[in-house]
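Using only what follows, build the 3D model:
(one chain, ligands or ions: 1)
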Amino acid sequence: CRIRHYNFNVVMKTTTRLCSSKPIVTVNGEFPGPTLYAREDETVLVKVVNHVQYNLSIHWHGIRQLRTGWADGPAYITQCPIQPGQQYVYKFTITGQRGTLLWHAHILWLRATVHGGIVILPRLGVPYPFPKPYKEMVVILGEWWKSDVEAVINEALKSGLAANVSDAHTINGLPGPLKTCSSQGGFRLSVKPSKTYMLRIINAALNEELFFKIAGHQLTVVEVDATYVKPFTTDTILVTPGQTTNVLLTANLSPGKYLVAASPFMDSPVAVDNKTATAILHYSGALSTTRITPTVPPPISATPVARRFNYLLRSLNSNQFPANVPLKIDHSLFFTVGIGLNPCSTCVRGRRVVADINNVTFVMPKISLLQAHFFNIRGVFTDDFPGHPLTVYNYTGAQPTNSMTMEGTRLYRLAYNSNVQLVLQDTSMIVPVSHPIHIHGFNFFVVGQGVGTFDPKKDPKRFNLVDPVERNTVGVYSGGWTAIRFKANNPGVWFMHCHLELHTTWGLKMAFVVDNGKGPNESVLPPPRDLPKC
Ligand code: C2O
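Numbers count the residues shown, from 1 in each chain. Reported below is the predicted structural model:
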């Protein structure tokens, strides 16, 4: 099989947005970074050389990494960081996946500027299960901060809830023509009348779930998170950080310019949309007619729009791409996800905002968990993560009197090849927030979603076990729940966390340790020689 080689030189690059310039961390001087192309079954080698003064690691978000956890990338979970002046070659094979994913830095908040697309084409000669588009384009949604990332993290660790709002959203790195002080104009999608294009839309933003929309046009969704879905048509899509969505767009309106918009999914009725990023869809030959129509559902209707969109997402479930939903469950887990407050003597109000899963705020270890697991190093983690909340979960809508969490580096152990059902319940404590939860090393099926408190008697009866969407990141509605299923067929240590970087920083994360199987091809491969040291 073919091997694809990439060189990622991580360098500072002075970049101007919103009328001010600052040096940012980039791959090869590009923002967003280069797109990585490969075909299904190919092996990819990415040599990452760290020329900046930060520790680094890069994650290939959504790549299964069967038995190759060493190449997964989250710092202190599967590897120690690549230190300044050092390098590391990520090597992995793409198995059973095709579509769009993303890569991003997985340490501190460097993902703000260190990210790019991954395009996995089908094997040579294998067509898409939908009409071949005339052309394809990668569309990366992101955020821009005027201040430095460390300043932003420190603010997140010290202050209250409303901190860390970015200064602009971006489409392919640009805030767009509607933003004052956007000297570069916006990204331009050039199309020919009557042709059909495939947009590979990626949300690489740190802290915002985003709606995406093109004035006047319908979008046909064909794939999410590198899995095919039953095509459906909609005028608005929702993409959470870490998610990807491929849509077909036909340039079938009268030639002109149309506004493309990405704006935050605001759960909170008090939130005001002031950060819409825009780009221009430009029909070739069209001169001046600009059409601008309202582009975002107003905040109050955002949750219904999101729910409707998620409801329409179904696996393609064809003969060639069946949805193999686990039916017999070995581990039935219930995790609450939410925000808490812990005492803090150095903090502004004497309390520190934390986030937790089952009331555990995850503490990052000093060496990587995968190394600790592989080499049997004791004292790095425990495998007693609670499979259910320790105090009975019964959310009444009132703020809890005790919002404190426990701290620990606790993992949950899964038997190799066992079937897992996991119900994620947002506790909505302190503030209502929605959480895009990402699991490394697996795709999972989203068998059910709802608002309110999960009912273990009624809700499972309505699970979709036939054609649920398969993905690697899924939103849990504010004050609602999401049920997922997956087969633990990938040995190693796999991070699970909220993909809002703010919540990850506050501790909304944990990891699964999946035992080796008994067969010769069922255990974690030995680490590569150049694996970074802590
Ligand atoms: Cu896209 Cu653990 O991240």
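
What about residue 518, how many residues nearby?
Using other CB atoms under 10 Å, residue 518 is surrounded by 9 other residues. For every residue, glycine as well, the C-beta is placed using N, CA and C.

count of neighbours near the residue in the stretch 51-200 of the chain that the ligand sits nearest to?
Scanning the stretch 51-200 of the chain for proximity to the ligand using CB to the nearest ligand atom identifies residue 61 as nearest, at 3.7 Å. The local packing count at residue 61 equals 29, with neighbours defined by other CB under 10 Å.

From residue 497, how far off is it?
From residue 61 across to residue 497, the span is 12 Å (CB to CB, to the nearest Å).

Any regions of this structure where pLDDT drops low?
Counting by pLDDT under 70, the chain has low-confidence residues at 1, 159-164, 182-184, 266-274, 287-301, 392-401, 428-433.

Walk me through the domains of it.
3-121, 135-312, 331-514 (automatic domain parsing).

The stretch 301-450 of the chain: strands as residue ranges?
Residue ranges of the strands in the stretch 301-450 of the chain, as given by DSSP state E, counting those that start in this stretch, are 331-343, 351-357, 360-362, 406-408, 411-414, 419-426, 435-439, 444-451.

Output these as TSV; include the columns distance to residue 129 and mean neighbour count.
Compiled in TSV, the strands of the stretch 301-450 of the chain are given as follows (distance: least, CB to CB, whole Å; neighbours: other CB atoms under 10 Å):
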stretch	distance to residue 129	mean neighbour count
strand 331-343	32	21
strand 351-357	36	24
strand 360-362	39	23
strand 406-408	45	15
strand 411-414	32	21
strand 419-426	27	22
strand 435-439	25	25
strand 444-451	19	21
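
out of the ones you listed, nearest to the ligand?
Between the ligand and the strands of the stretch 301-450 of the chain, the shortest gap by CB to the nearest ligand atom is with strand 435-439, which sits at 5.1 Å.

Distance from the chain centre to the closest one, please.
In this view, strand 435-439 has its centroid 7 Å away from the chain centroid, taken as CA atoms, centre = their mean, to the nearest Å.

Looking at this protein, which strand is longest?
The strand that spans the most residues within the chain, counting by DSSP state E, is strand 3-17.

Using neighbour counts, pick out the buried residues of it.
6, 8, 10, 11, 15, 17 (16 or more other CB atoms under 10 Å).

circling back: got CSV for the domains of the chain, with distance to residue 318 too?
As requested, the domains of the chain are exported to CSV (distance: least, CB to CB, whole Å):
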stretch, distance to residue 318
domain 3-121, 13
domain 135-312, 8
domain 331-514, 10
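
how about the residues of the stretch 201-350 of the chain near the ligand?
Proximity of the stretch 201-350 of the chain to the ligand, by CB under 6 Å from any ligand atom, involves residues residue 242.

Mind doing that once more with 8 Å?
241, 242 (CB under 8 Å from any ligand atom).

so which residue of the stretch 201-350 of the chain comes closest to the ligand?
Ranked by CB to the nearest ligand atom, the top residue of the stretch 201-350 of the chain for proximity to the ligand is residue 242, at 4.5 Å.

wait, what's in contact with that residue?
With contact set as CB atoms under 8 Å, 6 or more residues apart in numbering, residue 242 has these partners: 61, 62, 102, 203, 436, 438, 472, 473, 499.

quick one: which of the residues you listed sit in helices?
Using DSSP state H to define helices, no part of the contacts of residue 242 is located there.

ok, of those residues, which one's closest to residue 248?
Minimum separation from residue 248 among the contacts of residue 242 (CB to CB) is found for residue 203, which lies at 18.7 Å.

nearest spatial neighbour of the closest one, skipping sequence neighbours?
Of all residues not flanking residue 203 in the chain, residue 239 sits nearest, at 4.0 Å (CB to CB, 6 or more residues apart in numbering).

and that neighbour, what does it touch?
The neighbours of residue 239, taking CB under 8 Å, 6+ apart as the test, are 141, 201, 202, 203, 209, 210, 212, 245.

again, only this time at 7 Å
With CB atoms under 7 Å, 6 or more residues apart in numbering as the criterion, the residues that contact residue 239 are 141, 201, 203, 210, 212, 245.

One more: residue 321?
For residue 321, the residues meeting the contact criterion (CB under 7 Å, 6+ apart) are residue 228.

quick one, phi/psi of it?
Listed backbone geometry of residue 321 is phi -130, psi 70, with angles given as degrees, to the nearest 10.

To residue 522, which of the domains of the chain lies closest?
Nearest of the domains of the chain to residue 522, taken as CB to CB: domain 331-514 at 6.1 Å.

and the end-to-end length of stretch 505-515?
Its start and end residues considered, stretch 505-515 measures 27 Å (CA to CA, to the nearest Å).

which residues are in contact with stretch 226-238?
The list of residues contacting stretch 226-238 from outside it, by CB under 7 Å, 6+ apart, reads 62, 97-101, 120, 129-130, 209, 211-213, 218-223, 244-245, 247, 265, 297, 305-306, 309, 312-316, 321, 443, 469-471.

and if you look at stretch 520-534?
When contacts are defined by CB under 7 Å, 6+ apart, stretch 520-534 is touched by residues 67-70, 79-83, 86, 88-89, 91, 366-367, 374, 416, 491-492, 516-517.

filter the residues you listed to the buried ones?
When burial is judged by neighbour count using 16+ other CB under 10 Å, the buried members of these are 67-70, 79-83, 86, 88-89, 91, 374, 416, 491-492, 517.

Mind checking which of those are in helices?
residue 374.

which among the buried ones among the contacts of stretch 520-534 are in contact with the ligand?
The subset of those within reach of the ligand, by CB under 8 Å from any ligand atom, is empty.

Narrow the buried ones among the contacts of stretch 520-534 to those in strands?
88, 89, 91, 492.

excluding its backbone neighbours, what's nearest the last one?
Using CB to CB, 6+ apart and skipping residues adjacent in sequence, the residue nearest residue 492 is residue 69, 3.5 Å away.

so the one you found sits right up against residue 512, yeah?
No: the pair residue 69 and residue 512 fails to qualify as a contact (CB atoms under 7 Å) at a distance of 11.2 Å.

which residues in the protein form helices?
Defined through DSSP H, the helices belonging to the chain, from first to last, are 149-158, 302-312, 369-374, 501-506.

Any chance of the contacts of residue 239 in a markdown table with neighbour count as columns?
A markdown table is the format used below for the contacts of residue 239 (neighbours: other CB atoms under 10 Å):
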| residue | neighbour count |
| --- | --- |
| 141 | 24 |
| 201 | 26 |
| 203 | 26 |
| 210 | 28 |
| 212 | 23 |
| 245 | 26 |
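
Name the residues contacting each of residue 61 and residue 497.
When contacts are counted by CB under 7 Å, 6+ apart, the set common to residue 61 and residue 497 is empty.

Relative to the whole chain's centre, how far out is the longest strand of the chain?
With CA atoms, centre = their mean, you get 21 Å for strand 3-17.

rewinding a little: in PyMOL, how would I select just the buried ones from the contacts of stretch 226-238?
The buried residues among the contacts of stretch 226-238 can be selected in PyMOL (16+ other CB under 10 Å) with this line:
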select buried, resi 62+97+98+99+100+101+120+129+130+209+211+212+213+219+220+221+222+223+244+245+247+265+297+305+306+309+313+314+315+316+321+443+469+470+471
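
so of the contacts of stretch 226-238, which ones are in strands?
Of the positions in the contacts of stretch 226-238, 99-101, 120, 211-213, 219-223, 244-245, 247, 470-471 sit in strands, assigned by DSSP E.

about what we covered before: who's the residue nearest to residue 203 bridged to?
Under the criterion DSSP bridges, residue 239 forms beta bridges with residue 210.
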